[in-house]
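I would like the atomic coordinates for the input below:
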Amino acid sequence: MPSFKIFDIAGSGMSAQSVRLNTTASNLANAESVGSDAQSVYKARHPIFQAVRAELAHALGKKSDAAVKVSTIVESQAAPQARYEPGNPLADANGYVYAPNVNAIEEMTDMISASRAYQNNVEVMNTAKDMMLATLKLGS
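So this is what the prediction gives:
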């Protein structure tokens, strides 16, 4: 029944936002981690979303309905922050440790945005459910 696809679409949106919340939480958890060189330090991760249109998927011969999916998760290419901490056991020969270039304010903003988008998808599902129940009551 085509009217049930709304649940699939909202569910795929919830799944995508869940990935976004998890990557943001990972970025925040590792924001203060340090490494001994710039290459080994944690790099912030961000999901890339893709909107899947049912017509386009069918034209390409794929069996897919409209959805939101995470196409990939990319690592930030921003340079890590070098901190002069000669007493740190992870310091290099010059006394520097390297911290990821994670902006906690941006990450918290992204987390709030993902949380609200998730809540919006929940509301879409609840509204669709209520409309279907109201339609069933009309017939009785």
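
buried residues in the longest helix seen in the chain, which are they?
Criterion DSSP state H: the longest helix present in the chain is helix 104-138. Within helix 104-138, the residues that count as buried by 16 or more other Cβ atoms under 10 Å are Glu107, Asp110, Met111, Ala114, Ala117, Tyr118, Asn121, Val124, Met125, Ala128. Quick note: C-beta positions are derived from backbone N, CA and C, even for glycine.

could I get the residues you listed as CSV with pLDDT?
CSV is the format used below for the buried residues of helix 104-138 (pLDDT from 0 to 100):
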residue, pLDDT
Glu107, 96
Asp110, 96
Met111, 96
Ala114, 96
Ala117, 96
Tyr118, 96
Asn121, 95
Val124, 94
Met125, 94
Ala128, 92
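
if we only consider these, which is nearest to Gln50?
Of all these, Gln50 sits closest to Ala117, with 15.2 Å by Cβ to Cβ.

that closest one reaches Ser18, doesn't it?
No: in this structure Ala117 lies outside contact range of Ser18 using Cβ atoms under 8 Å: 10.3 Å.

which regions of this structure sit below the pLDDT cut-off?
Within the chain, the segments meeting pLDDT under 70 span 1-3, 54-64, 140.

all helices for it, in order.
Using DSSP H, helices in the chain cover 5-29, 54-59, 104-138.

between the longest one and helix 5-29, how many degrees?
In this structure, helix 104-138 runs at an angle of 160 degrees to helix 5-29, with axes from the mean of the first three to the mean of the last three Cα atoms, to 10 degrees as the basis.
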